[in-house]
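Student: model this:
(one chain, ligands or ions: 1)
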Amino acid sequence: MGTAVSLQPPPQYDAVPPVPVIEHVMSQEEINKTCEALYWKSAGLKLEAGTHFRGCSMPAIYANTYICEIWYINDNRVRRHEIGHCNGWPADHPGGIFPPEDNPWHR
Ligand SMILES: [Zn+2]
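Tutor: The predicted structure follows:
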C-alpha cells in the first residue's frame, strides 16, 4: 500500500507483476494529496503527523481484468516498493529491505 519510506521488497515480490500496471508519476505534493485521499477512502487511515507519502498502490478491476494502479514520486526505489505490492507484498512490509542510501527527509 502506501510508502512513507523506500523499503525495498524481498526478492519474491521484487519481480514483474502478473497483472497490468497503470503508473502515475507525480510531484511530492500531488502524491501526498492523491495517496492520502486514496488511503482515507479505502481504509480510513491517515499517516502519522510529520510523515508523507512517496507513493501508493491500489489493486483494481478495469474492463473485467485485474490490474494494479500505482502512484509515485519520480524515484525508482519508490516504484519498486509499489510494484512489490502489485506482486502481493503485504501492507506491513514483511521482509522489507531498508536501502542504506535512503534519504532521511521523510521523517
Ligand atoms: Zn508499502
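Student: hmm, who's touching the longest helix along the chain?
Tutor: Using DSSP state H to define each element, the chain has its longest helix at helix 28-43. Helix 28-43 has contacts (CB atoms under 8 Å, 6 or more residues apart in numbering) with 1-2, 24, 26, 45-47, 52-56, 58, 71-73. Every residue, glycine included, has its C-beta placed from N, CA and C.
Student: what's the answer for stretch 63-71, then?
Tutor: 17, 19-24, 26, 31, 34-35, 38, 55-61, 79, 82-83, 85-86.
Student: list only buried entries from the residues you listed.
Tutor: 17, 26, 31, 34-35, 38, 55-58, 79, 82-83, 85-86 (16 or more other CB atoms under 10 Å).
Student: now, those that are in helices?
Tutor: Among the buried ones among the contacts of stretch 63-71, the ones falling in helices (DSSP H) are 31, 34-35, 38, 79, 82-83, 85-86.
Student: mind showing which ranges of the protein have poor pLDDT?
Tutor: For the chain, the stretches flagged by pLDDT under 70 are 1-5, 100-107.
Student: in it, which spans are strands?
Tutor: 21-25, 55-62, 65-72 (DSSP state E).
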